[in-house]
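Novice: Kindly return the folded structure for what I paste below:
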Amino acid sequence: MKKLYKAVNSKWGVLILAGLVFLFMLLLNFLTPYVADDYVYRWSFYDRSHVTTLEGVLRSMYVHSYAMNGRVVSHFFGQLFMIWPKAVFNFVNAGMFTLLWYLLWRISSVGAKRNIFMAAGIFMALWYWMPVFGQVALWQLGSVNYLWGLAFGMLFVCPYVYRFMYGKELVRRPWQRVLFCAGAFLFGMYIEVMSFVGLFIAAALLLLSRIFDKKTLKSWLLIPLCLGGAGYIALMCMPAEMKAKQSKMTLDVLLENFAGATEMLARYGRTLLILWAVIAVLALFWKVPGKRVALSAVLALGAVGGNYMLTFAGYYPDRCASATVTLLILAVAVLLAGMSPRGRAGP
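Specialist: Numbers count the residues shown, from 1 in each chain. Down below sits the predicted model:
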């Protein structure tokens with residue numbers, strides 16, 4: 001039995017599970033046709049011609065920033081993949097979901113023993129709790145916004161999680177840091193909710209590093225954090241975004257949106273919030289390390305804060321709750337991973 005358990009939790013076991021996740025998502029992607037806005041983005045916003053070149057996509061996104069919204073980075077990808085057969089997107093999108101699942105597992109397991117059952121549990125939690133799964137993870141325009149935004153967000157926070165938990169730098173080489181800084185700016189411009197929440201989590205973990213380790217706040221990670229913030233400001237200052245906020249943000253609308261956000265949190269996040277609260281209490285009695293509890297709390301706070309950011313949005317479709325649900329799943333997983341013997345002894 002011990003040999004079987006060791007084999008299942010080996011790197012080969014992880015690779016096999018990752019392959020199964022990828023193949024399952026690939027099948028679902030091939031079963032998903034173009035729908036809704038996919039047809040809109042097949043055509044250029046610049047001259048209404050069919051998009052066939054990279055230059056055409058760039059011209060289209062310029063007009064898009066004035067006519068639609070500020071998501072020029074995410075919608076650039078959405079329109080770029082319209083140039084190629086959908087099979088290309090199917091493979092990339094299945095890989096992006098696999099990447100998100102893997103990053104959630106790795107973040108939850110930082111400082112704890114590898115547990116493939118936790119990895120399987122995270123996948124099942126995403127499948128069960130993710131609101132309108134098809135719109136978030138399969139629909140082409142929905143995926144490049146929400147699924148990819150979540151994956152990029154987890155990539156962005158990984159170095160901050162590593163520094164907080166271990167006091168070490170995950171990204172060390174100069175070329176890696178330059179690439180990370182460029183990616184941080186683009187991530188800040190990616191999508192309203194997840195970009196802001198990712199920046200909040202990163203900033204909170206840097207501050208907590210100062211509190212837990214009594215170290216200075218000076219870190220090269222402040223540079224990508226600031227660049228991400230600059231990217232987010234650029235996103236929110238796009239002409240279409242400014243116009244939408246100025247025309248719709250009255251007090252009555254904000255109050256109505258707040259009530260709607262509360263309803264959405266209750267609909268999609270209530271069970272996970274209750275589960276997180278119960279496990280958090282148990283974690284304190286279980287003597288889970290303080291850093292792990294703090295990391296989980298930051299993720300849960302980011303999840304709730306991200307939900308109420310939609311108070312300032314023009315509308316709140318169900319797919320926008322994907323960030324809240326994903327972060328709550330991760331917050332629960334972080335605590336559960338720390339309740340193993342090695343997890344309690346970790347950072």
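Novice: what about the closest residue to Leu58 other than its chain neighbours, which helix or strand?
Specialist: Counting by CB to CB, 6 or more residues apart in numbering, Phe76 is the residue found nearest to Leu58 once chain neighbours are left out, at 7.7 Å. Quick note: C-beta positions are derived from backbone N, CA and C, even for glycine. In the assignment (DSSP states H and E), Phe76 maps to helix 72-80.
Novice: rewinding a little: tell me how far the residue nearest to Leu58 lies from His50.
Specialist: 17 Å (CB to CB, to the nearest Å).
Novice: hmm, back to that, surely the residue nearest to Leu58 and Ser65 touch.
Specialist: No: counting by CB atoms under 8 Å, Phe76 does not reach Ser65; the two are 10.6 Å apart.
Novice: Count the neighbours of Ala87 for me.
Specialist: Look at Ala87: counted by other CB atoms under 10 Å, it has 11 neighbours.
Novice: give me phi/psi at the closest residue to it other than its chain neighbours?
Specialist: Take Ala87 and drop its neighbours on the chain: the residue closest to it by CB to CB, 6+ apart is Phe30, 7.5 Å away. Taking degrees, to the nearest 10, you get phi -70, psi -20 for the backbone angles of Phe30.
Novice: so where's the stretch 151-300 of the chain uncertain?
Specialist: The model of the stretch 151-300 of the chain has pLDDT under 70 over residues 215-217, 244-249.
Novice: could you pull out the helices for it?
Specialist: With DSSP state H, counting those that start in this stretch, the ranges of helices along the stretch 151-300 of the chain come out as 174-188, 192-213, 222-236, 239-248, 251-285, 290-309.
Novice: Check which residues of the last one are buried.
Specialist: The reference is to helix 290-309. 291-307, 309 (16 or more other CB atoms under 10 Å).
Novice: Follow the chain on from that helix and name the next helix or strand.
Specialist: helix 322-337.
Novice: What helices and strands are in contact with that following helix?
Specialist: Where contact means 3 or more CB pairs under 8 Å, 6 or more residues apart in numbering; DSSP states H and E, helix 322-337 is packed against helix 86-108, helix 116-129, helix 148-166, helix 192-213, helix 251-285, helix 290-309.
Novice: From Pro174, how far off is the closest residue to Ser219 other than its chain neighbours?
Specialist: Distances taken as CB to CB, 6+ apart place Leu206 nearest to Ser219, at 6.5 Å, with adjacent residues excluded. Leu206 sits 21 Å away from Pro174, taking CB to CB as the criterion.
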